[in-house]
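S.K.: okay, structure incoming, though there's no sequence with it:
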Ligand SMILES: [Fe+2]
């Protein structure tokens, strides 16, 4: 993976926010770091420019930074969330956009937009805006797949870690629903040779 920019190439702002997230919830920070690696590999396979790869990396590292604003009773709940708690946690993508924009990094507005839309569904059933298809920013569509894979590969108190075959079986059922089919096909190739493969 010699094409992958080192983490040190990312700005101090990004790293400082990542450390702040670690102080709040180490699980979410490590999740973001793994998503960064996987999304970067996928972005390269999709032929992104160097500028887009850097934006994708920063967006990945910060994609759940908005969870800083979610109460402990929801963020750290050792069980599935009820409806009100679920609605509370969905606000993290907009909170994350606000934080990313406040960094005033180069391309901060675009990075904020990628973060805002990382939970949109290809069929329009996601949040926060119900965007569909290519209306969803390309980098958000890439991030979404890497995010979903890692979330299922990691054990939580309320959910065991799934193995690679189990995860791919679930993800395949979400092709065209949650995921862009073109990017999903690229992902299916990339994950086979990725160090992030579960
Ligand atoms: Fe998220």
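M.R.: Done, it's in. Computed from a predicted structure; not experimentally measured.
S.K.: neighbours of residue 161, how many?
M.R.: Other residues near residue 161 number 12, with proximity taken as other CB atoms under 10 Å. C-beta coordinates here come from the backbone N, C-alpha and C atoms, glycine included.
S.K.: how about residue 164?
M.R.: Around residue 164 there are 15 residues (other CB under 10 Å).
S.K.: residues of the top helix by length along the chain that come out buried?
M.R.: The longest helix of the chain (DSSP state H) is helix 26-45. Buried positions in helix 26-45, judged by neighbour count with 16 or more other CB atoms under 10 Å: 27-29, 31-44.
S.K.: check which helix or strand residue 88 maps to.
M.R.: According to DSSP states H and E, residue 88 maps onto helix 83-90.
S.K.: what is the subsequent helix or strand relative to that helix?
M.R.: By DSSP H and E, the next helix or strand past helix 83-90 is helix 92-102.
S.K.: elements contacting the helix holding residue 88?
M.R.: Packed against helix 83-90 by the contact rule (3 or more CB pairs under 8 Å, 6 or more residues apart in numbering; DSSP states H and E) you find helix 72-75.
S.K.: give me the contact list for the helix it packs on.
M.R.: Contact with helix 72-75 is made by 24-25, 28, 67, 81, 85, 88-89, as judged by CB atoms under 8 Å, 6 or more residues apart in numbering.
S.K.: 7 Å instead?
M.R.: 25, 67, 81, 85, 88-89 (CB atoms under 7 Å, 6 or more residues apart in numbering).
S.K.: now the buried members of the residues you listed.
M.R.: Buried, going by 16+ other CB under 10 Å: 25, 67, 85, 88-89, out of those.
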